[in-house]
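Q: got a structure for you, letters missing:
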């Protein structure tokens with residue numbers, strides 16, 4: 001909260017959802033509200049993360065909504081740059097951007113979600129129904145009528161939301177800046193949610209939203225029996241060798257590159273403070289070394305102006 005309050009601009013409001021905490025959080029929020037440091041808050045029992053997000057989005061009065069989770073780091077200058085872009089382009093409903101994570105038990109490396117850009121381009125170029133990193137999303141409030149709210153019955157809230165919006169006629173833009181950093185910790189929902197159940201939920205959502213999958217027998221077999229993979233696996237090494245010999249690009253699964261932070265723990269260091277500091281410094285350094293490019297579908301009246309940026313990206 002201190003970081004968020006310090007970053008707030010005069011034309012921004014902070015709306016907080018607390019799930020009815022019994023540890024003094026409501027009194028803390030009341031103090032921030034009375035001091036004018038936050039503009040709206042609610043503290044009551046809810047139905048989980050998505051329910052809290054939805055309350056805040058419906059309470060929000062601004063044109064743009066940025067979800068800020070309490071255990072992750074965000075690059076506020078890059079967020080503001082993206083917000084200014086969206087304010088100048090009213091046709092854009094949602095924006096996503098580069099993201100990454102750092103593990104609290106080992107601060108020696110930062111990991112970059114390279115597949116987020118790849119997934120966006122798959123949607124942009126091919127219309128693929130895909131997952132995008134929710135931490136980087138900025139949503140136009142008036143577009144909630146199109147995107148819908150977050151699904152309160154889903155555990156992987158951002159996965160369900162982004163599968164949904166990539167399946168709909170939502171105009172999604174991409175910012176090449178690094179906007180967010182997940183601080184992976186032992187209490188993270190992502191880490192504690194049973195991995196097979198997590199993967200099963202993702203598969204169910206993909207089949208539900210992707211129009212190529214139907215309820216006919218062939219589609220059901222395609223969902224449950226990976227016969228194509230069984231057929232491709234034995235011949236894939238030979239095919240890839242031929243493609244490389246002929247200099248034909250070979251598709252490879254997206255990776256999660258890592259970068260050393262050169263962090264050395266010192267006695268008395270607070271791990272959480274160190275993680276936030278490392279995340280802030282790295283996002284600032286990355287964005288300072290890379291000029292921000294925006295990719296989006298423009299209105300016909302502005303398409304001539306934006307095509308060079310799209311081609312370059």
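A: Everything's here; your move. These figures come from a predicted structure and were not determined experimentally.

Q: nearest spatial neighbour of residue 48, chain-adjacent residues omitted?
A: Distances taken as C-beta to C-beta, 6 or more residues apart in numbering place residue 152 nearest to residue 48, at 6.4 Å, with adjacent residues excluded. Heads up, the C-betas are built off the backbone N, CA and C, glycines and all.

Q: check contacts around the one you found.
A: By C-beta atoms under 8 Å, 6 or more residues apart in numbering, the contact set of residue 152 is 47, 48, 50, 51, 54.

Q: closest one to residue 62 out of the residues you listed, please.
A: residue 54 (16.0 Å; C-beta to C-beta).

Q: from memory that closest one sits against residue 148, does it?
A: No. Counting by C-beta atoms under 8 Å, residue 54 does not reach residue 148; the two are 9.8 Å apart.

Q: shaky segments in the stretch 101-250 of the chain?
A: 214-216, 219-230, 250 (pLDDT under 70).

Q: what's in contact with stretch 8-17?
A: Contacts of stretch 8-17 (C-beta under 8 Å, 6+ apart): 1, 4-5, 29, 37-42, 46, 52-53, 55-56, 59-62, 80.

Q: show me which residues of that stretch are buried.
A: 12, 14, 15, 16, 17 (16 or more other C-beta atoms under 10 Å).

Q: again, but for stretch 26-40
A: Buried residues in stretch 26-40 (16+ other C-beta under 10 Å): 26, 28, 29, 32, 37, 38, 39, 40.

Q: just checking, which of those residues belong to helices?
A: By the criterion of DSSP state H, membership of the buried residues of stretch 26-40 in helices covers 26, 28, 29, 32.

Q: quick check: chain neighbours aside, which residue is closest to the last one?
A: So the one you mean is residue 32. residue 38 (4.6 Å).

Q: ditto for the third one
A: Residue nearest to residue 29 in three dimensions, not counting chain neighbours: residue 41, with 4.6 Å by C-beta to C-beta, 6+ apart.

Q: residue boundaries of the helices in the stretch 1-150 of the chain?
A: Along the stretch 1-150 of the chain, the stretches classed as helices by DSSP state H, counting those that start in this stretch are 2-7, 25-34, 49-59, 76-88, 114-126, 144-147.

Q: which of these sits closest to residue 199?
A: Nearest of the helices of the stretch 1-150 of the chain (C-beta to C-beta): helix 114-126, 15.4 Å.

Q: list the contacts of that closest one.
A: 96-99, 128-133, 136, 166, 172, 174, 176, 254-257, 295, 297.

Q: what comes up buried for it?
A: Buried, per 16+ other C-beta under 10 Å, within helix 114-126: 115, 116, 117, 119, 120, 122, 123, 124.

Q: and these, which is closest to residue 235?
A: Looking across the buried residues of helix 114-126 and measuring by C-beta to C-beta, the closest to residue 235 is residue 122, at 24.1 Å.

Q: ok, which stretches of the stretch 101-250 of the chain are strands?
A: Using DSSP state E, counting those that start in this stretch, the strands of the stretch 101-250 of the chain run over 106-112, 138-140, 172-184.

Q: now do the first one: which elements does it pack against?
A: Contacting strand 106-112 under the criterion 3 or more C-beta pairs under 8 Å, 6 or more residues apart in numbering; DSSP states H and E are the following elements: strand 94-103, strand 258-260, helix 271-289.

Q: tell me the strands beside the shortest one, with direction?
A: Using DSSP bridges, the strands paired with strand 258-260 in its sheet are strand 106-112 (antiparallel).

Q: residues of the partner strand that come out buried?
A: Quick answer for strand 106-112 (16+ other C-beta under 10 Å): 107, 109, 110, 111, 112.

Q: one more: stretch 92-111?
A: 92-104, 107, 109-111.

Q: before we move on, the earlier item: which of the contacts of stretch 8-17 are buried? Put it as a ChimeraX command.
A: Per 16+ other C-beta under 10 Å, the buried members of those correspond to this ChimeraX selection:
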select :4,29,37,38,39,40,41,42,46,52,53,55,56,60
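
Q: tell me the pLDDT at the residue nearest to residue 29?
A: For residue 41, the pLDDT comes out at 96.

Q: OK, contacts around it?
A: 15, 16, 17, 18, 29, 30, 32, 33.

Q: tell me how far it lies from residue 280.
A: If you measure residue 41 against residue 280 using C-beta to C-beta, to the nearest Å, the figure is 25 Å.

Q: how about the helices and strands packed on strand 106-112, which one is nearest residue 67?
A: strand 94-103 (11.5 Å).

Q: got the angle for that closest one vs strand 172-184?
A: 20 degrees (axes from the mean of the first three to the mean of the last three C-alpha atoms, to 10 degrees).
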